[in-house]
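Asks: prediction below, plus the sequence it came from.
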Amino acid sequence: MDALERINKQVTENPIIIYMKGTPDFPQCGFSSRTIQALNACGVEYAYVNIFEDEEVYRALPKFANWPTFPQVYVKGELLGGCDITLDLFQTGELQKMLKEAVGAKKAA
C-alpha cells in the first residue's frame, strides 16, 4: 500500500484525525500545539499521525488534499484545514459541534 492509499484509509477509518508535527502530548511546532489545544478543549477522541515518524506520509500528504502545510485536520473524511481554520471554528463554537457530530456518526454506524 503506498502512502496516498494509507492516508486515504486513515482519513476514512477515523472520524477525526490530525496529521501533525509531534504527538498530542509533545507537539513539535506551535501550530500543531495550538490545534491540539483546540481539539482537546472539544472533549472528543481523535486519531493522530506524527508526520516525522513516516516520511512517505509527510511527503504525500500535501498532495492528498492539495494543502501544503501542517497540521492538517480531517473530519469525516474531509479536510477541515490547518491551525488558523481550526482555531477560528473553535472560537465560533462550530468546531465543537462538528467534532461531536463526527464522533456521534461513527458510534451510530
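Replies: Now that the structure is in, tell me what you want to look at. Everything numeric here is computed off the predicted structure, so don't read it as measured data. Residues are numbered from 1 along each chain as shown.
Asks: in the protein, which helix is the longest?
Replies: In the chain, assigned by DSSP state H, the helix with the most residues is helix 94-108.
Asks: who does that helix touch, helix- and strand-wise?
Replies: Other helices and strands packing on helix 94-108, by 3 or more C-beta pairs under 8 Å, 6 or more residues apart in numbering; DSSP states H and E, are strand 16-20, strand 72-75, helix 83-92. All C-beta spots, glycine's among them, are computed from the backbone N, C-alpha and C.
Asks: avg pLDDT for stretch 38-49?
Replies: Mean pLDDT, stretch 38-49: 97.
Asks: and the residue sitting nearest the centre point of the chain, how far is that from Ile36?
Replies: Nearest residue to the geometric centre of the chain (C-alpha atoms, centre = their mean): Ile18, 2.0 Å. As judged by C-beta to C-beta, to the nearest Å, Ile18 and Ile36 stand 7 Å apart.
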